[in-house]
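Student: Quick one, structure for this:
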Amino acid sequence: MKTRSMAALTAILVVAPLIAVAPGPQAAAQSRPNGTARSAESTLVGGIDLDTVTIPELQARMARGSLSSVRLTLAYLRRIKAVDPRINAVLHTSPTALGQAVASDIRHRLGRTRGPLDGIPVLLKDNVNTRDMPTTAGSLALTGKPPATDAELVAKLRAGGAVILGKANLSEWANFRAAKPTSGWSAVGGQTRNPYVLDRNPCGSSAGSAAALAASLAQVAIGTETDGSIVCPAGMNAVVGLKPSLGVVSQSGVVPISAEQDTAGPMARNVVDTALTLSVLSGGEPASGLAEAAVRPGALRGKRIGLWRLPLLGTEVDALMTRTAERLRAAGAEIVEVDLPYQERLAELEFPALLSEFHRDIDAYLATRKGPRDLAELIAFNRTHPQEQTCFAGQELFEQALTAPPTTDPEYLAMRAELAILSRRSIDEVMAEHGLDAIASPANPPAWTTDCGRGDNDVIPSSTPAAVAGYPSLSVPAGFVGELPVGLLLMAGNHQDADLLSLGAAVEHRLDGRRAPRYLPTLPTG
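Tutor: Residues are numbered from 1 along each chain as shown. All right, here's what the predicted structure looks like:
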């Protein structure tokens, strides 16, 4: 295309959406029956509801020309400006987001789209390297120059045409710093709040990613998990989160805890968007037809699901699991009560192994960045920067990791080998014994109140088997305990990600367990 015509097309693509999305006050007032301007907090844009729309629906509109990526991106940027001050989930928005959207609109006009995420706004957890924005892991120690290169998963998103909208807040150092941390807090970003009840916690280190999705501040987001940090915040914020099988998504350029367990993964408000995002992150086949298959009558008929109840999460959660089982049975699924073995031993071994792995892996990462060059220097930094102690002062995990046995130590090697064997057996044996398609359990308890002095009030063992084994797990909204969301965690065997997503889509459709947040300040006492 000639330069002049390309410039003209670019001008049309930029100016037209700006006019459409940002009318003058008089025009906006005339567009509504009661004469009042549409609130900047509205989830409606161009006849679609951001809270419920899926990526296939957005792509169909962009293909018809009734929606542009610029208009969609502007809508999310406006919602971030209007809504995020309540929940504090977004650290940065990209200065190039609209330029990325313009480029996508040109591709759509020319019929040269790059895949299912072309033009779709994506938030990244701020432990994922970006060359054009800070990547801090929530720590002041990394607030200097951005990384030299994008993480590999970011490069794949860019190559797929996604609009990198910005960076989401997280639990500092992915919650691997203090013995009693407060999830969703970082020295860089402060405290992320749960959009459903603002004085409640968002859970896990991918707190900002999940809270932003619950508030419809992006179409999809990227989280990371070592054990629970995707699936717990997904459950506690009534969104969907997939922890993929280990190795499906590259960890290159992601701030680490443990190469033996870490994985980035997609999060969204529905399973189909989660699956499409995984296809881009992994280079796999797009999840075409997943939405249609999920709503097909009999999609759950004959599926065998093991229910691991975990009554320690409370009677209200257990009652929700009973109702969930009844709804799945009514749809034709067979629900079998199960218990997973070896959990006490996994709990004994996991943390000491992670300490050794963190020391090795964080030293390797820090060597690539400006700032502290290793864990010892990072500990010294925190001691001399009071802002790092404004919510909780401790860095006990850092200090324990500094003196942990190296990953060449025979005792460590034996621990990790036993962890791998027992975690895989805990899932494989139960699935084989009962002929299961998946194992289900509650993903989270009702959200606790956020309290820097007390720290988290969480006991959430359901994520551990799949996290330690490197198997996939998927959290879908199951329903509510009062005003507080609870997720259903589904797990399956190694590299059964696609099958798990297909089952999850059918379960999601049957449960219909999500509703938009109301941003309640608190809950009545008692």
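
Student: Give the buried residues for stretch 300-310.
Tutor: Neighbour counts over stretch 300-310 (16 or more other Cβ atoms under 10 Å) mark 300, 303, 305-310 as buried. Using the backbone N, CA and C atoms, a C-beta is placed for each residue, glycine as well.

Student: closest to residue 521 among those residues?
Tutor: residue 310 (30.0 Å; Cβ to Cβ).

Student: quick one: contacts for the closest one?
Tutor: 317, 441-442, 461-462 (Cβ atoms under 8 Å, 6 or more residues apart in numbering).

Student: Let's see if you can find the most crowded of the residues you listed.
Tutor: residue 462 (29 neighbours; other Cβ atoms under 10 Å).

Student: is it true that that residue lies in a helix?
Tutor: Yes: using DSSP: H, G, I helix; E, B strand; the rest coil, the assignment for residue 462 is a helix.

Student: any idea how far it lies from residue 176?
Tutor: Residue 462 is 19 Å from residue 176, where distance means Cβ to Cβ, to the nearest Å.

Student: Taking the contacts of residue 310, tell me the two that lie furthest apart.
Tutor: Within the contacts of residue 310, 317 and 461 form the most distant pair, 12.7 Å apart (Cβ to Cβ).

Student: picking that back up, which residue in the contacts of residue 310 has the weakest pLDDT?
Tutor: Across the contacts of residue 310, the member with the lowest pLDDT is residue 461, scoring 94.

Student: which ones are touching that residue?
Tutor: 310, 312, 343, 347.

Student: rerun at 7 Å
Tutor: Applying Cβ atoms under 7 Å, 6 or more residues apart in numbering, we find residue 461 in contact with 310, 343.

Student: following the helix or strand of the chain with the lowest mean pLDDT, which helix or strand shows up next?
Tutor: With mean pLDDT, DSSP states H and E as the measure, the helix or strand of the chain carrying the lowest mean pLDDT is helix 25-30 (a mean of 33). Sequence-wise, the next helix or strand downstream of helix 25-30 (DSSP states H and E) is strand 44-45.

Student: strand partners of that following strand, parallel vs antiparallel please.
Tutor: strand 48-49 (antiparallel) (DSSP bridges).

Student: So which residues make contact with the strand it pairs with?
Tutor: So strand 48-49 is contacted by residue 43 (Cβ under 7 Å, 6+ apart).

Student: All the strands of the stretch 401-526 of the chain, in order from the start?
Tutor: Assigned by DSSP state E, counting those that start in this stretch, the strands in the stretch 401-526 of the chain fall at 438-442, 473-481, 484-491.

Student: Who is residue 200 paired with across the strands?
Tutor: Bridge pairing for residue 200 - DSSP bridges - gives residue 449.

Student: What's the local residue count around it?
Tutor: 21.

Student: And the nearest residue to residue 240 once chain neighbours are set aside, how close does it get to residue 406?
Tutor: Nearest non-adjacent residue to residue 240, counting by Cβ to Cβ, 6 or more residues apart in numbering: residue 274, 4.8 Å away. Separation of residue 274 from residue 406 (Cβ to Cβ) stands at 37 Å.

Student: okay, the two: which has more neighbours?
Tutor: The neighbour comparison of residue 274 against residue 406 (other Cβ under 10 Å) goes to residue 274, with 29 against 9.

Student: Report the secondary structure state of residue 347.
Tutor: helix.

Student: ok, it - contacts?
Tutor: Residue 347 touches nothing, counting by Cβ under 7 Å, 6+ apart.

Student: just residue 287 next, same as before
Tutor: 272, 275-276, 279, 501.

Student: For burial, what's the neighbour tally of the residue nearest to residue 201 when sequence neighbours are not counted?
Tutor: Among residues not flanking residue 201 along the chain, residue 450 sits closest, at 4.6 Å (Cβ to Cβ, 6+ apart). Counted with other Cβ under 10 Å, residues neighbouring residue 450 total 23.

Student: Residue numbering should commence at 42 henceforth.
Tutor: Understood, numbering begins at 42; the last thing we discussed is residue 491.

Student: Residue 491 is in contact with residue 231, isn't it?
Tutor: No: counting by Cβ atoms under 7 Å, residue 491 does not reach residue 231; the two are 11.2 Å apart.

Student: tell me the contacts of the closest residue to residue 559 other than its chain neighbours?
Tutor: Nearest non-adjacent residue to residue 559, counting by Cβ to Cβ, 6+ apart: residue 237, 6.9 Å away. The neighbourhood of residue 237, defined by Cβ under 7 Å, 6+ apart, consists of 524-526, 558-559, 561.

Student: which regions of this structure lie under the pLDDT threshold?
Tutor: 42-81, 567 (pLDDT under 70).

Student: hang on, residue 438 is in a helix, isn't it?
Tutor: Yes: counting by three-state DSSP, residue 438 falls inside a helix.

Student: Spit out the contact partners of residue 300.
Tutor: 292, 398, 402.

Student: Please report the distance of the residue nearest to residue 176 when sequence neighbours are not counted from residue 183.
Tutor: The spatially closest residue to residue 176, leaving aside those adjacent along the chain, is residue 170, at 4.9 Å (Cβ to Cβ, 6+ apart). Using Cβ to Cβ, we find residue 170 at a distance of 10 Å from residue 183.

Student: can you check residue 410 too?
Tutor: 6 Å.

Student: Looking at those two, which one has more neighbours?
Tutor: Taking neighbours as other Cβ under 10 Å, residue 410 and residue 183 compare with residue 183 leading, 26 against 20.

Student: And the residue nearest to residue 528 when sequence neighbours are not counted, its phi and psi?
Tutor: Excluding the flanking residues, the one nearest residue 528 by Cβ to Cβ, 6+ apart is residue 276, at 2.4 Å. Backbone torsions for residue 276, taken as degrees, to the nearest 10, come to phi -60, psi -40.

Student: So residue 276 sits against residue 485, correct?
Tutor: Yes: taking contacts as Cβ under 7 Å, residue 276 lies within contact range of residue 485: 3.9 Å.

Student: ok, the two, which is more surrounded?
Tutor: The neighbour comparison of residue 276 against residue 485 (other Cβ under 10 Å) goes to residue 276, with 33 against 28.

Student: Now, the contacts of residue 328 that are in helices?
Tutor: 313, 316-317, 320, 542 (DSSP state H).

Student: For those residues, which two are the farthest from each other?
Tutor: Across the ones in helices among the contacts of residue 328, the longest distance by Cβ to Cβ is 10.8 Å; it joins 313 and 320.
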